[in-house]
Every structure is written in structure tokens, then in C-alpha cells.
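Student: Predicted model, plus sequence, below.
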Amino acid sequence: MSVKVYNTLSGKIEELRPRIDNKIGIYVCGPTVYDYSHIGHARTYIAFDVIVRYLRYRGFDVKYIVNITNVDDKIINRAKETNEDPLKLADKFENVFFEDMRALGVEKADAYPRVSDHMSEIVEMVQTLVKKGFAYESYGDVYFDVTKIADFGKLSHQTMEEMKAGARVEIDEKKRNPADFALWKSAKEGEPYWESPWSKGRPGWHIECSAMSMKYLGQQFDIHGGAKDLVFPHHENEIAQSEAYSGKRPFVGYWVHAGFLTIDGRKMSKSLGNIITIKDLLSKYDPEVFRLFVLSTHYRRPVDFKEKALDQLKLSLERVYSTIDKLETQIQSAAEVEELSEKEKKIDEQVSKLKQKFLDAMDNDLNTAKALANFFKITRMGNKAATMGASKRLLVKILDTVIELGKIFGLLKVERKREELPEEVIRLIEERDRARKNKDWKRADEIREKLRRMGIIVKDKPLTSL
């Protein structure tokens, strides 16, 4: 079965057909590094991390690019507040971003191009747009003329009037039209700048992604992604300037956007005081628990952050690890058989069907929510097989399946956190050890279940090592 993905441009789920053989180029808009990343950013980059993992799992040769916006008004304004050099401030928060991504288990992209390193490409692109008549210089600034693009608005599915009404564009006498957007901005006194034919200045926000994506993936590539709030104006403007520059259509085959993350139904903002940074989150929760939280909702749908949901998923994750521990322990002493029993064959068939359902869900627009439900069912089958004393052949298959699918989600790789255990928990563990030594399996199981309800998962070792 082929992989299908929702294309914002067409508004439909389409079969993913790479432009070149089995190769897929993906560009995702990265962070503007002026502050600590929050859990909304984490939701987006985990979603695309899993998309890239799955496409590679399916055999595609993926080249994944995430840019770093280290030249921007937000960075300049923050640097003024803190009396720092803008580029040094950006470097600091870029490093923090990478630390956060590593902590979340997000695999590294193939490249992280920075705006400051690509000024020559940006200036060349702006020059070409001016030369072709798609852009104009005004008092040292350069603007893109949106009236020159007949289908401007095709990504956000808006008319020019609708875009003007929703853009909240300030009236600027430098512009010919309110909807025109900046490609180059002249620097004000005390601001960082780069040389250009028009002024000492810096690029506008949108042009950077066109220049960098084309450099690393070509003038046409397969997937462009980001959060939903980038559809307009950022990605809409990217399409206009990119296709005007190259003369090639489409600039991107599939536009993929992740939904918003809210806190108690409200958007995160400083004014509401409800911003949760990734560092704040990880001081309280295991990163894999948050990954489960993200994956339990389809990437295109909005998700509301609730600690109760994470607390429940923490137990779910512990059950997965408990099942893995149980399978690994049972495999050590399980019988070798040439053929499965009838009862084992039924479990084997169920696991195979559940794995296929997992893959079907992922193939259908990367539906991690449905895939995750089947993943949990497989772990329950693993627990059942281990409890009944199944053969090594079946136990190994289930264990391999759990780990194989878990890796697609970026799970089962982060080292488990060890916490100080309360005296009551220590007492129960010691009592359970005595019960096992006395072969009082019923009492041992009762205590294990009691510990599980307390959120404590016990990993047994062979009795000879006790």
C-alpha cells in the first residue's frame, strides 16, 4: 500500500509520489532563535520527526532540512532588551533548541542552514525578482508585488480581498499595495546589517526559506512543512516568490502542516502567562511521555495540553516497558519449538493483523493516533503471551514487533529515569522478593499489581541472581 498525505494546497489526501525515483526532499520551517522553545514547537518537530522516520522506514531516501532563523526583528528587539549582540543571542538560543530536540528524542535533520550564512543566495534571489519585474525597490527596501501573481492565495484558499482583510497589514507609504511583502529591509541605526545593491540591511522573513530550501533541495522539491499558522502569510508568500524566481511550477509538491497546541483551550502567550517551555515540561515529565501525548492526536488536528492526559500516558508507557521486561525475562527460559500451538497461532495472527493495521494507519496521512492504539494492543498481546508461558519463537516475534514499531514513534530509546523510592515501595519490593524466593507466585503477583497501580514497574531478574 502506498503512503498518502494531506496536501494543504489541494485540500485533499493524495498519494505521495516523489519527483525523483524514491528520493524525497523535505524542508520544515525551523525556529526563530530569540527565546526558549515551548511545547508548541515541540509538537511540530516531534510530528515531523515521526513523519521522516516513517518515510525512511517505508524505504524512501529522505533528505530532511530544518532552517534556523537567526536574523529577525524579534532577535534584534530581544538583544536590545538584554544588551547583547543579536547574533550571539541567536547562537545561544540555537544551542538551547538543539539541546531540547535531543532531549525529546528528535533525530537530527540532514542540515540546519542559518540565515546569516546564506546572504549571497538571498541577495541574488531578490535581484532576480527585481530584474524580472516581480519586485520593486522603495527607499532602500525591496517589496514583492503580489498583483503580478494571478493565483496568489492558492495555498490558503483566499481571495486577495480576504487576505488583505485578515493580514492586519499596517499602511506603509513605501508599498504599492498593502499586501506586498518585504524581501529586503534597510537597517535602522544600531541594527546588524549586510551589504546589498539597495541598502545596508537584512532580508525579510519569507525570502530566507525560499533561498535556503532551493539551495539544499533544488528549485522544486517534494514536501514543505511547518505549523499551521505558517500557511498564511509565510508559505503563501514563499510559493509566490519561489515560482516567480525559478519560473517552475509547482515549487513544492505537498504542503504539510501540523495543528496548534493550546493550554486549556487557549493559545500560549506571554500576556496570559501560560507558556510552557520544553525545559519546564521535561523537568516534570519523561520525554517519551510527551511524545506519546503528541502522537495520540493526528498531526493535523489541534491538541489541548492537559497534565491529566500526560499522567495517564505515563502509566501507558510504563506498561509498554513492563511488557518488554516481561518478554525479555521469559525469552531466557522459554521453550524452543518448531511449530506454534493452536493458541499461540491465534496470538501470532492477531499480532500480524495489528501490525498491518498500524501500517495502514500510518500510510493513510500518518495517522499516529490510530497506529498508537494498535501498538498498545500489540503490547497487550505480548503481556498475554509472556504470562501464559509462550514459546520463545512467539515471544521473540512480539518483542521484535514492539521494538520495531516503537522506533518509528521514537520510543524505547530514551534511558529511563531512576527516582528515589518511598519507604512503602521499598518494603513492598522486599516482601515480593521474599515471596518469589518462597515460590509464593500468587502473593508476588498481587504485590506487583499493587506496585503497578502506584506507578512502579518491577523488572524481575532470574531468581539465582537475587
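Tutor: Everything's here; your move.
Student: mind listing the helices for the stretch 101-250 of the chain?
Tutor: 119-131, 160-167, 205-217, 236-246 (DSSP state H, counting those that start in this stretch).
Student: Report all helices and strands that the first one contacts.
Tutor: I take that to be helix 119-131. Judged by 3 or more C-beta pairs under 8 Å, 6 or more residues apart in numbering; DSSP states H and E, helix 119-131 is in contact with strand 135-138, strand 141-144, strand 181-186, strand 201-203, helix 205-217, helix 236-246. (Each C-beta comes from the backbone N, C-alpha and C, glycine too.)
Student: Ok, which of the ones you listed comes nearest residue 151?
Tutor: The closest of those to residue 151 is helix 236-246. By C-beta to C-beta, the value is 8.8 Å.
Student: Any stretches of the stretch 301-450 of the chain with poor pLDDT?
Tutor: 414-422 (pLDDT under 70).
Student: residue boundaries of the helices in it?
Tutor: Here the stretch 301-450 of the chain has its helices, by DSSP H, counting those that start in this stretch, at 307-333, 342-363, 368-387, 392-408, 423-437, 441-453.
Student: okay if I get those helices as a markdown table plus distance to residue 189 and mean neighbour count?
Tutor: Compiled in a markdown table, the helices of the stretch 301-450 of the chain are given as follows (distance: least, C-beta to C-beta, whole Å; neighbours: other C-beta atoms under 10 Å):
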| stretch | distance to residue 189 | mean neighbour count |
| --- | --- | --- |
| helix 307-333 | 47 | 17 |
| helix 342-363 | 53 | 16 |
| helix 368-387 | 49 | 20 |
| helix 392-408 | 52 | 19 |
| helix 423-437 | 63 | 14 |
| helix 441-453 | 64 | 14 |
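Student: now the ones you listed in CSV, with distance to residue 59?
Tutor: Formatted as CSV, those follow (distance: least, C-beta to C-beta, whole Å):
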stretch, distance to residue 59
helix 307-333, 26
helix 342-363, 12
helix 368-387, 18
helix 392-408, 13
helix 423-437, 45
helix 441-453, 39
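Student: so which of those helices comes closest to residue 209?
Tutor: Among those, helix 368-387 comes nearest to residue 209, with 25.9 Å by C-beta to C-beta.
Student: Any idea which of the helices of the stretch 101-250 of the chain has the lowest pLDDT on average?
Tutor: Lowest mean pLDDT within these: helix 160-167, at a mean of 69.
Student: Quick one: the helices of the stretch 101-250 of the chain as a markdown table, columns for mean neighbour count too.
Tutor: As requested, the helices of the stretch 101-250 of the chain are exported to a markdown table (neighbours: other C-beta atoms under 10 Å):
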| stretch | mean neighbour count |
| --- | --- |
| helix 119-131 | 18 |
| helix 160-167 | 14 |
| helix 205-217 | 23 |
| helix 236-246 | 24 |
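Student: And this structure, what are its domain boundaries?
Tutor: According to automatic domain parsing, the chain comprises the domains 4-284, 313-408, 423-465.
Student: how long is the first one end to end?
Tutor: Put plainly, it is domain 4-284. Start-to-end span of domain 4-284 (C-alpha to C-alpha, to the nearest Å) is 36 Å.
Student: and stretch 98-113, average pLDDT?
Tutor: Stretch 98-113 comes out with an average pLDDT of 97.
Student: go on, stretch 142-159?
Tutor: 95.
Student: Can you pull out the residues in contact with that stretch?
Tutor: Residues outside stretch 142-159 that contact it (C-beta atoms under 8 Å, 6 or more residues apart in numbering) are 8-9, 11, 126, 129-130, 133-136, 160, 162-163, 166, 174-177, 179-184, 198, 231-232, 235-237, 239-241, 243-244, 255.
Student: Buried residues in it, which are they?
Tutor: Residues of stretch 142-159 classed as buried: 142-146, 148-149, 152-153, 155-156, 158 (neighbour count, 16 or more other C-beta atoms under 10 Å).
Student: helices or strands next to whichever helix or strand residue 291 is part of in the packing?
Tutor: Counting by DSSP states H and E, the element that carries residue 291 is helix 287-295. With contacts defined as 3+ C-beta pairs under 8 Å, 6+ apart, helix 287-295 has these neighbours: helix 39-57, strand 303-305, helix 307-333, helix 368-387.
Student: Out of these, flag the one nearest residue 433.
Tutor: Residue 433 lies closest to helix 307-333 among the helices and strands packed on helix 287-295, at 14.7 Å (C-beta to C-beta).
Student: angle of the closest one against helix 287-295?
Tutor: Per axes from the mean of the first three to the mean of the last three C-alpha atoms, to 10 degrees, the angle that helix 307-333 makes with helix 287-295 is 120 degrees.
Student: got the angle for helix 307-333 vs helix 392-408?
Tutor: 150 degrees.
Student: quick one, helix 307-333 and helix 441-453 angle?
Tutor: 150 degrees.
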